[in-house]
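Q: give me coordinates for this.
(one chain, ligands or ions: 1)
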Amino acid sequence: MRIVIKVGTSTLTHKTGRLNIRRVEGLVKVFSDLKNAGHQLVLVSSGAIGLGVGKLNLPGRPADMPTKQAAAAVGQCEMMYTYDQLFARYNHVAAQVLLTGEDVREPHRRANLENTLTRLLELNAVPIVNENDAVATDEVGVETTIGENDTLSAVVASLVKADLLIILSDIDGLYTADPRKDASARLIPVVMEVTAEIEALAGGTGSALASGGMATKLKAAKIAREAGCDMVIANGQKEEQLYDIAAGVPVGTRFLGRRTAKSE
Ligand code: GLU
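A: Purely as a prediction, here's the structure:
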């Protein structure tokens, strides 16, 4: 299978912004093993800004754009250094792909990007994609960014015609209510379609349920669905579950891709 996996900042870093070494080592070990089993992987990894904040010893996430972009430039470097080292440990090759909104919106650039990613997969490398936060900015009044990596991961999944998109989050999946506040909250194992009812469960961005950003994950699920790609939201703290997800065992919440999309 061709699998796109989105790793978020909260999975990769401690609250301090410093690298969560145990977590990232565990994840890359499983990613490498999935590759050894014959799967193709693309990672969409956040963490550039978070790691930059940690490395520059900034007091918190910067509010101003230049500092945010500077932090991203520093953190992206540390992030790729870490992935490169860890994948090399298991004899795999990491490749950095940084892009902006224009690269996925403008048809010519989108086609180039698709070619690069496809070629990297043919060469057996692991493309590690992130937004080029050091240059992408919406502050100049032009929309150049994608904005967040849930959407980016779904765009990448549709670009490479992935069979599966896995979004690693800090909760187990989509619940009927906020599991941190409501003991009767149940995990929803399968979502056939992102209806208004499902969207209501996520609330707006910033709701307690959406601390992992559930609203953007549902947006990603819609993009993946149209591309005929299943999407699973699972807990990034339980990396061993990735084996089950790849094997089709029910884990987290699975959003079914439109079945006819791929044959069109
Ligand atoms: N591109 C951002 C970063 O690497 C993260 C965007 C997101 O978390 O969705 O820090």
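Q: look up the closest residue to Arg23, ignoring the ones flanking it.
A: The spatial neighbour of Arg23 that comes closest, neighbours along the chain excluded (CB to CB, 6 or more residues apart in numbering), is Thr11 at 6.3 Å. To be clear about C-beta, it is placed using only N, CA and C from the backbone, and glycine gets the same treatment.
Q: then Asn91?
A: Excluding the flanking residues, the one nearest Asn91 by CB to CB, 6+ apart is Ser32, at 7.8 Å.
Q: can you tell me how far Asp170 sits from the ligand?
A: Distance of Asp170 to the ligand, computed by CB to the nearest ligand atom, to the nearest Å: 12 Å.
Q: report pLDDT for that residue.
A: We have a pLDDT of 87 for Asp170.
Q: so what's the nearest residue to Leu123 once chain neighbours are set aside up against?
A: Closest residue in space to Leu123, ignoring its immediate chain neighbours: Val93 at 7.8 Å, by CB to CB, 6+ apart. Applying CB atoms under 8 Å, 6 or more residues apart in numbering, we find Val93 in contact with 87, 123-126.
Q: Leu12 too?
A: Residues near Leu12 by CB under 8 Å, 6+ apart: 19-20, 23-24, 45-47, 50-51, 79.
Q: before we move on, back to that, between the contacts of Val93, which is closest to the ligand?
A: The ligand lies nearest to Val126 out of the contacts of Val93, by CB to the nearest ligand atom, at 16.9 Å.
Q: count of residues packed around that closest one?
A: Counted with other CB atoms under 10 Å, the neighbours of Val126 add up to 22.
Q: also Thr16?
A: Residues within reach of Thr16, counting by other CB under 10 Å, total 11.
Q: could we number from 14 for the rest of this?
A: Sure, I'll start numbering at 14, so the last one becomes Thr29.
Q: any idea how far it lies from the ligand?
A: In this view, Thr29 and the ligand are 15 Å apart by CB to the nearest ligand atom.
Q: SS state for that residue?
A: Under DSSP: H, G, I helix; E, B strand; the rest coil, Thr29 falls in the coil class.
Q: picking that back up, and the residue nearest to Arg36, what is it in contact with?
A: Listed by CB under 8 Å, 6+ apart, the contact set of Thr24 reads 33, 36, 40, 181-183, 249-250.
Q: switch the cut-off to 10 Å
A: Applying CB atoms under 10 Å, 6 or more residues apart in numbering, we find Thr24 in contact with 33, 36-37, 40, 58-60, 181-183, 225, 248-250, 252.
Q: give me the PyMOL select line for the contacts of Val106, limited to the buried ones.
A: Only the buried entries of the contacts of Val106 go into this PyMOL selection, using 16 or more other CB atoms under 10 Å:
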select buried, resi 100+138+139
